[in-house]
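Chemist: Task: produce atomic coordinates for the following.
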Amino acid sequence: MAESTVFEVSLKELNRFYLMRHHLLSKVEKDKLEKLVRDICGLHSQFPTTPSLSLWNRIESFQKNLLEEALYIKKSLVRVWCMRGTLHIIPSDELPVYHHAVKRMWFEHHGRYMRGPDWPPLDIRKGIIYPKILETLQEGPLTRTELSTKVSAMLEPSLQRYERLFSAWGGILKEMCYLGLIAYAESNAKTRFARLDHWLPHVSLEQVTEKEAQTKLLQKYLNGYGPASVQDFAYWSGITISESRKVFEETKQALEEIRVEGVKNQLWLLKDDFNKLKEIDVDEKPSVRLLPKFDPLLLGHKDKSRILKSEHSKQVFRPAGDVAATVLAGGYIKGTWNYKKTKNKLTVNVSPFEKLEKEDLTKIHREAEALGDFMEVGQVKLSVTS
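Modeler: Residues are numbered from 1 along each chain as shown. As a prediction, the model looks like this:
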């Protein structure tokens, strides 16, 4: 990229700016739910409790029904597979951008497992199975089991042998989502799927080209996660390094390079956000937050030094792709936590990486009590391991 004067910031300034962008310095009002989801480029939704707990950490007086209303009544948000082959909740009107930006990556990279002998050939899926699924969904949303039963009965015996077709890991429904044919629909305690053209009839996926979509996605990403590197964007989006580098190059006129002490990669920020970074208040002490498993804050960068010490990485990023629930204290990830809930009691277990300050322990206890109120239990017990 073209050489220019590079602005230098400290790691602490980078940390505070990132937390501000993720609304973790101060919470927003509950009528800003859709804006918040837009700001942080969606909610990770692989784990069932993640979306509501991510919002609870960022929205004042958040209630679960607010998310349900946005997803299934107003339909201002939609749940689909997108970045990295994982489920996210994103603004419905931004679906064309997310769809076209990552669609090809699914078929060329993340979805390659569907080329094996356990799956019907792609031409069979497109020519026979897709139409059967869309026909079955004509009358309204159905659960995975309902779809499997109805569609399997419509297929020839040679196609009924593919047991993984409607796999809970995604299967053909995931593939159809990446093609823009279906989306998650109302839950009613059971996950259902709907035809996208019925569920969001006013959303046209053909508003943008792939190139335009990737540029828009990078700009959105940098607005929520910048300053960030090419490697960070590739890690977050699932777009290859080589293609991510091209997108950065094509967007360079709108970017400003930022240098951070201790960070090796080039970091880039939208020029429009440059003054906001310079004005960040590093003296403001962030509140304690009990972030859920797979919270977006943890998944935005390959280099996590702005929020997490490298020696604690394996305690957060665990085998089989698991990402622990974490304690955010003083602006940094200071430990992990889990909980057990019964009808009338919530037990919160915190495992700090290092000895916590007394003030942080007090704030953790306060957050645990607030979590108990959110989960509507009468008693909260906090356990902190030494």
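
Chemist: Can you name the residues that contact the residue sitting furthest away from the middle of the chain?
Modeler: Here the centre of the chain is the reference, and by C-alpha atoms, centre = their mean the most remote residue is residue 157, at 38.6 Å. Residue 157 sits next to no residue when contact means C-beta atoms under 8 Å, 6 or more residues apart in numbering. Glycine gets a C-beta too; all of them are placed from N, C-alpha and C.

Chemist: measure it to residue 93 for me?
Modeler: Using C-beta to C-beta, to the nearest Å, we find residue 157 at a distance of 43 Å from residue 93.

Chemist: cool, residue 28 as well?
Modeler: Using C-beta to C-beta, residue 28 is found at 19 Å from residue 93.

Chemist: do residue 59 as well
Modeler: Distance from residue 59 to residue 93, by C-beta to C-beta: 20 Å.

Chemist: Comparing these two, which residue is more hemmed in?
Modeler: Counted by other C-beta atoms under 10 Å, residue 59 and residue 93 do not tie: residue 59 has more neighbours, with 20 against 16.

Chemist: now that one, nearest residue through space, not along the chain?
Modeler: Closest residue to residue 59 apart from its sequence neighbours, by C-beta to C-beta, 6 or more residues apart in numbering: residue 30 at 5.3 Å.

Chemist: wait, isn't the one you found in contact with residue 58?
Modeler: No. Contact criterion C-beta atoms under 8 Å: residue 30 and residue 58 do not qualify, at 10.3 Å.

Chemist: out of those two, which sits in the busier spot?
Modeler: A direct count of neighbours by other C-beta under 10 Å for residue 30 and residue 58 places residue 58 higher, at 26 against 14.

Chemist: any weak-confidence spans in the stretch 1-150 of the chain?
Modeler: 1-4 (pLDDT under 70).

Chemist: Break down it into its strands, ranges please.
Modeler: Secondary structure of the stretch 1-150 of the chain by DSSP state E, counting those that start in this stretch: the strands cover 7-9, 43-44, 77-81, 87-91, 142-143.

Chemist: who does the first one pair up with?
Modeler: Which is strand 7-9. Here strand 7-9 is paired, per DSSP bridges, with strand 255-260 (parallel).

Chemist: What residues sit buried inside the strand it pairs with?
Modeler: 255-258, 260 (16 or more other C-beta atoms under 10 Å).

Chemist: want to throw these into TSV with distance to residue 377 and pLDDT?
Modeler: Formatted as TSV, those follow (distance: C-beta to C-beta, whole Å; pLDDT from 0 to 100):
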residue	distance to residue 377	pLDDT
255	47	96
256	47	94
257	49	95
258	44	93
260	42	93
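
Chemist: Kindly indicate which of those lies nearest residue 38.
Modeler: residue 255 (20.4 Å; C-beta to C-beta).

Chemist: Return the distance of residue 235 relative to residue 228.
Modeler: Shown here: residue 235 relative to residue 228, a distance of 9 Å by C-beta to C-beta.

Chemist: distance of the closest residue to residue 308 other than its chain neighbours from residue 70?
Modeler: Using C-beta to C-beta, 6+ apart and skipping residues adjacent in sequence, the residue nearest residue 308 is residue 333, 4.5 Å away. According to C-beta to C-beta, residue 333 and residue 70 sit 28 Å apart.

Chemist: which residues does the most centrally placed residue in the chain bridge with?
Modeler: Nearest to the mean C-alpha position of the chain, by C-alpha atoms, centre = their mean, lies residue 44 at 2.7 Å. Beta bridges link residue 44 to residue 88, judged by DSSP bridges.
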